[in-house]
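Q: could you look at this predicted model? Sequence included:
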Amino acid sequence: MLFKLLLTLYLTRSSPASPQSSLSRSRRSLVRYGNFKPDLYKVLPATVIKNLLVQIEIDCVFHCIEEESCYSVNTGTYLTAEKIYLCELLATDKYRATEKLQANISYHHFSPWSRCESGPCKNDGNCIPDFELNSYRCDCKPGFAGTHCERTGKSCSDIKLYSSKAMSASYIIDPDGEGGNDSFTVECDMTAENGVGLTVISHDSEARMQVNGFEAHGSYSKDVVYFGAGLHSLAQLAGLTAVSAHCEQFIKYECKNSLLFYPVENPHGWWVSRDSTAMTNWGGATSADRYKCACGLSNTCADVNRACNCDKNDEVWREDSGLLTEKTYLPVKQLRFGDTGSSNEEGYHTLGKLKCYGIV
Ligand SMILES: [Ca+2]
Ligand SMILES: [Ca+2]
């Protein structure tokens, strides 16, 4: 009872300059004060900055306020033989401590009051207090996102933004939020792209695959099936591209005597966008660069009069490759090729995983 009274007196006497703060020790202000809340018969097992002995328990809180790196205290409930109290100044507080505040008849614990007290962070999120501003933020359990960790992440970048501890692993994402399309499982690479959180979608056509014996334009056809538990429509992946700042997919065609886009307006090969449009730009070029590969933009193609190396159509093994980056067309739904009907004509295609990162 005694220390409660003293705490009240102290708070009244100190008349905080900024009543918004529960702990203020700004160097610019002469007034230092703290609004500490007792947890009776509890102890926080955490790093001790200093062990002190005090005449009355509340002095322990005063010492904490004076000590820059102190954020809470444990005080002994029993007088020692010398009629003084044990006082532990702690480097953290009961909100941030990974250790849980635990019952102990020999101690009382005091942390500054915080809006974290009401447990605003959902789904086991960790509440990080800002005592000076009397605010907080939630550090979410990996997989959850939102100011209060109230929802499933929309993408790996969204998960990483709200969870500092999120490691590379499988996560469930729901790009369009509650309702709409179903959530699905993806792989998150939390170290690539400067650790922003890269969403990676695998598919059944990643291996280098042969194209042989298909002469008519687009007569070779390979449907691309994307993998992920709960992933059953391209609309779900369209949602991922919509919430991502950047998406890409690597595409390559290796060719011997096998034309790709030549003759223009009647190409031998193309890729099909998620909305079933036949696309006539290859990796490294955009949809505005019709019938062009990367070499066609840099004027470095094997035949300077054509816009893809494969359109040289000769006995030499050549290739056209690069990244498709227009997220409104991704992912690739199907690959089409032709001009491999003769014995000296052959091709191989390679299609990379769909990768998206950043937040719109
Ligand atoms: Ca949804
Ligand atoms: Ca040919």
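A: That came in fine, so what should we check first? Ligands and ions are numbered 1, 2, ... in the order given.
Q: Three-state assignment for the residue nearest to the spatial centre of the chain, please.
A: In the chain, the centroid-proximal residue (CA atoms, centre = their mean) is residue 160; its distance is 2.4 Å. Classification of residue 160 by DSSP: H, G, I helix; E, B strand; the rest coil places it in helix.
Q: count of residues packed around residue 125?
A: 23 (other CB atoms under 10 Å). C-betas here are computed from N, CA, C, even on glycine.
Q: let me fix that, I meant to ask about residue 100.
A: 9.
Q: tell me the secondary structure at it.
A: Under three-state DSSP, the three-state class of residue 100 is coil.
Q: which pLDDT value goes with it?
A: Looking at residue 100, its pLDDT reads 83.
Q: again with residue 20
A: 68.
Q: residues from the stretch 151-300 of the chain in reach of ligand 1?
A: Contacts of the stretch 151-300 of the chain with ligand 1, taken as CB under 5 Å from the ion, map to 174, 176, 180, 181.
Q: thinking again about what came up before, surely the residue nearest to the centre of the chain touches residue 195?
A: Yes. Contact criterion CB atoms under 8 Å: residue 160 and residue 195 qualify, at 7.0 Å.
Q: relative to ligand 1, how far out is the residue nearest to the centre of the chain?
A: 20 Å (CB to the ion, to the nearest Å).
Q: pull the contacting residues for that residue.
A: 166, 188, 190, 195, 196, 197 (CB atoms under 8 Å, 6 or more residues apart in numbering).
Q: need the phi and psi values for the first one.
A: The reference is to residue 166. phi -60, psi 120 (degrees, to the nearest 10).
Q: for it, list the residues it contacts.
A: By CB under 8 Å, 6+ apart, residue 166 lies in contact with 142, 143, 159, 160, 188, 190, 197.
Q: the third one now?
A: Neighbour list for residue 190: 156, 160, 166, 167, 168, 197, 198 [criterion: CB under 8 Å, 6+ apart].
Q: looking at those residues, which are in helices?
A: Here DSSP state H is the test, and those give 156, 160 as lying in helices.
Q: ranking the contacts of residue 190 by neighbours, who comes first?
A: residue 156 leads these on contacts (other CB under 10 Å) with 30 neighbours.
Q: the stretch 201-350 of the chain: strands as residue ranges?
A: For the stretch 201-350 of the chain, strands defined by DSSP state E, counting those that start in this stretch occupy the ranges 209-211, 220-223, 246-256, 270-272, 278-279, 318-324, 334-337, 346-351.
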